[in-house]
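> have a look at this fold, sequence not included:
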């Protein structure tokens, strides 16, 4: 069964600190992996998308890594800001049924001043 | 602003009623996806349309249906509403029919409250 597990479920950090969010998946065959940021009550916004051959990708203070061998990805946020408070969703595409998307449950990040 | 529009923003209705949610995709995008997000839950894929035709189905209830019109806007119809249908409903669009190949752009969502 295709699954995407994210950890931790929630995280509280102080402004200016770094943090790393984890994503483990069992989707096979693998097509690509995406990280989305979702502010409360708003639609998700794409941060990065990585294919099998990419093992790191940055978008400003966000850096995603991918280890396709261990089927793990991480999202590292540097020098956190209050506006980083949101849910971060890992989405993996692939699977035997075709290029469907499997969504993780998300990590809810709160950045405190 | 993703370029995807959804109306209405909020909808409050009673159990047993029927509602229609509307989505206009980004200019040029042919695929429309519908998702449901219940309180503190992850996104659940409901259904995808590509250029007017149903392309993929997820966990969509029989009480729910959707269609995509020639101008590419889409409507999600929810009938015989139950309290558990209260959720945020998101529409997303992408350029092609494969959800894996192209970026999906999400709309702002419609918040449905069933009382």
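That came in fine, so what should we check first? Because the structure is a prediction, the values reported are computed rather than measured.

> any idea of the mean pLDDT in stretch B:73-92?
For stretch B:73-92, mean pLDDT is 97.

> ignore the last one, stretch A:10-19
pLDDT averaged over stretch A:10-19 gives 97.

> residues contacting the residue nearest the centre of chain B?
Nearest residue to the geometric centre of chain B (CA atoms, centre = their mean): residue B:34, 3.0 Å. If you count contacts by CB atoms under 8 Å, 6 or more residues apart in numbering or on different chains, residue B:34 has them with B:23, B:45, B:46, B:47, B:48, B:60, B:66, B:74, B:76, B:89, B:90, B:91. (Each C-beta comes from the backbone N, C-alpha and C, glycine too.)

> make TSV from the residues you listed and add distance to chain A and neighbour count to it.
Formatted as TSV, the contacts of residue B:34 follow (distance: CB to the nearest CB, whole Å; neighbours: other CB atoms under 10 Å in any protein chain shown):
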residue	distance to chain A	neighbour count
B:23	11	26
B:45	6	20
B:46	12	21
B:47	12	22
B:48	9	26
B:60	14	16
B:66	17	23
B:74	15	25
B:76	15	25
B:89	11	23
B:90	5	26
B:91	8	31
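
> of those residues, which belong to strands?
B:23, B:45, B:46, B:47, B:48, B:66, B:74, B:76, B:89, B:90, B:91 (DSSP state E).

> what ranges do the strands span in chain A?
A:4-7, A:10-14, A:19-25, A:30-38, A:45-51, A:56-59, A:62-67, A:72-77, A:86-94, A:100-103, A:107-112.

> look up how far residue A:113 lies from the nearest residue to residue B:57 once chain neighbours are set aside.
Nearest non-adjacent residue to residue B:57, counting by CB to CB, 6 or more residues apart in numbering or on different chains: residue B:47, 5.4 Å away. Distance, residue B:47 to residue A:113, using CB to CB, to the nearest Å: 42 Å.
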